[in-house]
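*Asks:* 3D, please:
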Amino acid sequence: MRNENKSKNIIKTISGLPFFSINDLSFLAEKKYIRVVLYRYSKKGEIIRIKNGLYVSRNFLEQIERKNMLSAYREFLANKLSEPSYLSSEYVLSEYNLITEMPKKITSVSFSKTINFSNYFGSFSYRKIKKELFTGFNVFRKGEFLILKATKAKALFDFIYFRKNILINEETIKELRINTENISSKDWKEINKYISIEGSKKMKYIFNNLKKWKY
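*Replies:* Below you'll find the predicted structure:
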């Protein structure tokens, strides 16, 4: 009976958490027992593994699905899988219709390391950027979730920055097919700020060429 109560307390607690680790639940029971409970409920599909050591309950997901907040949760999760990070590049460019192809991954920029994750919620891709360029993002609230997301200008800068070594001439730049008509003068001004911080002639060359074309 005592263990049954412990188990119920664990399940009740995780039902209200957007994610959790075994350490988060250590005040409820011994870690060894928590592992047993998580394994048992994972086999039933009641608990979903987000990444090594991080989980979410099916009950919590059902709650946010009823609120139509699953998309917001995935963005929130993208920020949490690798911290600190913000949504950027293809994922954000697609939202602003700067690229026509739908991204297959949720793309982010990270201050820690380049890494990829795949789980129940999809594929998450992170590219490491240097400290002085870890900027140009805003914090949005979607329901109960706080989400870090690049501005349109910074998403484009990041997208180009991680490809600058393969953009060797005008033709390769043109093949990106960036919808530059969706970039305002304010956006270009913001992009120029990041180009100055980055400091390379290559980035100046690429963006000077981008300004020539409209699709």
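*Asks:* which ones are touching residue 206?
*Replies:* Residue 206 is in contact with 160, 164, 167, 173, counting by CB atoms under 8 Å, 6 or more residues apart in numbering. All C-beta spots, glycine's among them, are computed from the backbone N, C-alpha and C.
*Asks:* and if you look at residue 200?
*Replies:* Residue 200 sits next to residue 164 when contact means CB under 8 Å, 6+ apart.
*Asks:* ok, now with 10 Å
*Replies:* Remark: with contacts taken as CB atoms under 10 Å, 6 or more residues apart in numbering, residue 200 is in contact with 161, 164, 206.
*Asks:* what's the neighbour count on residue 195?
*Replies:* Neighbour count for residue 195, taken as other CB atoms under 10 Å: 19.
*Asks:* secondary structure and distance to residue 73 for the contacts of residue 200 - can I get that in CSV?
*Replies:* CSV is the format used below for those (DSSP: H, G, I helix; E, B strand; the rest coil; distance: CB to CB, whole Å):
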residue, secondary structure, distance to residue 73
161, helix, 28
164, coil, 33
206, helix, 35
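*Asks:* make a markdown table out of these and add pLDDT and distance to residue 61.
*Replies:* Compiled in a markdown table, those are given as follows (pLDDT from 0 to 100; distance: CB to CB, whole Å):
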| residue | pLDDT | distance to residue 61 |
| --- | --- | --- |
| 161 | 98 | 34 |
| 164 | 97 | 39 |
| 206 | 97 | 41 |
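*Asks:* just give me the closest of those to residue 51.
*Replies:* residue 161 (25.9 Å; CB to CB).
*Asks:* residue contacts, that closest one?
*Replies:* By CB under 10 Å, 6+ apart, the contact set of residue 161 is 88-89, 109, 127, 129-130, 133, 154, 194-195, 198, 200, 202-203, 206.
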